[in-house]
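Participant: This is the structure alone, sequence omitted:
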């Protein structure tokens, strides 16, 4: 089993003032009231500006390192907010109430002596005067509260600007933030009577300001990098891939990998989603927008379900996936999302959970590739960014007690490094980011729910490349690994429906550069886990080796989730399943069964070309199940284990566990785990029973037998 601990926020909103509604019933500013009639309060005119509604959206940008979304927008307070026009500019705001009372006094004689009839009229008008005074008091109180909100908003904005500037350096979007605060200050002046009440009539397009600021920041960064390249004597390869935009229109508009949490809809509008889902015009920017929309709703979902029990969380999570992700699945069912380019390009899918080696993994991959211009990466970056949360370590071993037992501790720590930024800011590799060869989806740690979900997201970042490679984010690569893996796949008898897979050898960070070439492992054994935490799921493992000098690759039984290589048609035949949240185990047996029953044969590469950092618990690195416990207010791995126990029944049903049938799921009210199962279950080229016989698994006895053809390298 791979040791990936992946899992997968985004902020967005409407960053422009809504258009004013039209109304033909706006009254004049000083209509007299007949003496013998009650004074009617003037109707509200929504076209006039009185007050403000404040919408605060977190903005954090950091010189190409950090961006969430715009900080502040203002629109008019709905007219019904202040009934009877107390703040309507037709009656001059609060001053207008004084004017009306003054007119009333004049009508009733003011301070002049009153004759009997006038005194009687004054008594009749007294309730109206009291009503107007009461309304003036309410208006004054509301103005006071609104001023408090405005002042507090300005303080919050300034505080966040200072916070992120301290964390990440100069913020290129500060001018946009300052514009927003300026608008707040102007509204404060209006309400305090220090400034003329002239609310904006035209739509203030802060979205355009955001886009302009990003572009300006990118231009300045490019100039700095160009100067640095010149200083270092680095010359760009003239053959660098320019995305062939005319042949791959779906890669335009280019969605930038930085800053983090840049929202695709903010840059390109909602049409980017509509075209992808409804008009058969998919784009990479549209795909990312759909995934970001899901993550936004997942963020609120987790807040709303913090105290719920595991079955409720699973039921409602499946409903969330059905609402926001299934439409994308349905729109491109049984066909590639994009046309497959026959140019030998490789797409590398990376799920990175708080991984400090992501940046170095990217450097190694491009540095050692024979054709780096044909390498494309889709990275799901699940980090603790330190926004509104305190980042935590994993369980660290701090020593031993007097009985020799380990003493463990979880501590506060700084926000995680962004491997994408490390790579893209390196002058030697900047061009690959500029060319669109790095695609990133950023996920706050709080929304991470395991490697299966992260791999699903990463698979959606594929952009039509010839080959698909799935790997972990802590790797090293042998020279010309891309060319050698491509040749190895083509050497397999079942090519193009051949999958290369293995458990790579390990490495330590202090090791010398990786050269590769050792004999590859063969995934030929399995066992039923005896751990209650793993719910007795089938785990795969290595078997015998055949030597590195065989004439051609030979078949093996299983696929490793941490590394496999195949043609991109694999994604159409075996689409990644979005309905496996909070799972760490089970993905490999499911992937192997689905691939083989869909007609794909699995091969072991004869030589190792990548190395993997295996991560024992003593390293103290964060695990996604620890995050799950914090998110649901139940520290520790226990609640994630409960969630996994339900999700895993989807896999157990697929493989044929005796205790996981439709009837048993119905009796437990857990039939939801079979949602859309027909699309993510066994294929139709071969049967599940044939697969179990092929790999010698006895589901009645729950035993894995010896696979002679695999261990003896007999099947080509």
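Facilitator: Perfect, thanks for sending it. Bear in mind the structure is a predicted one, so any value in this text is a computation, not a measurement. Numbers count the residues shown, from 1 in each chain.
Participant: Tell me what the spatially most central residue of the chain is bridged to.
Facilitator: Residue closest to the average C-alpha location in the chain (CA atoms, centre = their mean): residue 443, at 4.0 Å. Listed by DSSP bridges, the beta-bridge partners for residue 443 are residue 382.
Participant: Could you do residue 704 as well?
Facilitator: With DSSP bridges as the rule, residue 704 is bridged to residue 697.
Participant: thinking again about what came up before, separation between the residue nearest to the centre of the chain and residue 382?
Facilitator: Per CB to CB, to the nearest Å, residue 443 is found 5 Å from residue 382. (Each C-beta comes from the backbone N, C-alpha and C, glycine too.)
Participant: cool, residue 409 as well?
Facilitator: Applying CB to CB to residue 409 and residue 382 gives a distance of 23 Å.
Participant: which one of the two has more residues nearby?
Facilitator: Higher neighbour count among residue 409 and residue 382: residue 382, with 33 against 11, using other CB atoms under 10 Å.
Participant: Can you pull the phi and psi angles for residue 379?
Facilitator: As for residue 379, its main-chain torsions (degrees, to the nearest 10) stand at phi -110, psi 130.
Participant: Next, the contact list for it, please.
Facilitator: Taking CB atoms under 8 Å, 6 or more residues apart in numbering, we find residue 379 in contact with 350, 352, 358, 362, 419-420, 438-441, 458, 461, 473.
Participant: If we use 10 Å, what do you get?
Facilitator: 257, 348-352, 355, 358, 361-362, 419-420, 423, 438-442, 454, 457-458, 461, 473 (CB atoms under 10 Å, 6 or more residues apart in numbering).
Participant: Ok, residue 486 next?
Facilitator: By CB under 10 Å, 6+ apart, residue 486 lies in contact with 344, 346, 370-371, 374, 466-467, 480, 500, 565, 567.
Participant: Widest-spaced pair of the residues you listed?
Facilitator: 480 and 567 (19.5 Å; CB to CB).
Participant: These two: who's more crowded?
Facilitator: Taking neighbours as other CB under 10 Å, residue 480 and residue 567 compare with residue 567 leading, 21 against 16.
Participant: pLDDT value on the residue lying closest to that one once chain neighbours are set aside, please?
Facilitator: Residue nearest to residue 567 in three dimensions, not counting chain neighbours: residue 496, with 4.9 Å by CB to CB, 6 or more residues apart in numbering. If you check residue 496, the pLDDT there is 98.
Participant: Tell me, how many residues neighbour residue 496?
Facilitator: By other CB under 10 Å, 13 other residues sit near residue 496.
Participant: That one should be in a helix, yeah?
Facilitator: No - counting by DSSP: H, G, I helix; E, B strand; the rest coil, residue 496 falls outside a helix, being coil.
Participant: for it, what are its contacts?
Facilitator: Residue 496 touches 489-490, 566-570, 600, counting by CB under 10 Å, 6+ apart.
Participant: Can you show me the strands along the stretch 351-500 of the chain?
Facilitator: For the stretch 351-500 of the chain, strands defined by DSSP state E, counting those that start in this stretch occupy the ranges 375-383, 396-400, 406-409, 438-444, 467-471, 475-477, 498-501.
Participant: okay, those in TSV with distance to residue 275 next?
Facilitator: Listed next are the strands of the stretch 351-500 of the chain as TSV, based on distance: least, CB to CB, whole Å:
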stretch	distance to residue 275
strand 375-383	20
strand 396-400	48
strand 406-409	51
strand 438-444	18
strand 467-471	24
strand 475-477	35
strand 498-501	33
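Participant: quick one: which of these is nearest residue 194?
Facilitator: Nearest to residue 194, of all the strands of the stretch 351-500 of the chain, is strand 438-444, at 40.9 Å by CB to CB.
Participant: residue ranges with poor pLDDT in the stretch 401-550 of the chain?
Facilitator: By pLDDT under 70, the weakly predicted segments of the stretch 401-550 of the chain are 548.
Participant: Can you tell me how far residue 282 is from residue 354?
Facilitator: 30 Å.
Participant: I meant to write residue 331 there.
Facilitator: Taking CB to CB, one finds residue 331 at 32 Å from residue 354.
Participant: who's more crowded, these two?
Facilitator: Between residue 331 and residue 354, counted using other CB under 10 Å, the more crowded position is residue 354 (28 against 16).
Participant: Isn't that one up against residue 624?
Facilitator: Yes - the pair residue 354 and residue 624 qualifies as a contact (CB atoms under 10 Å) at a distance of 8.6 Å.
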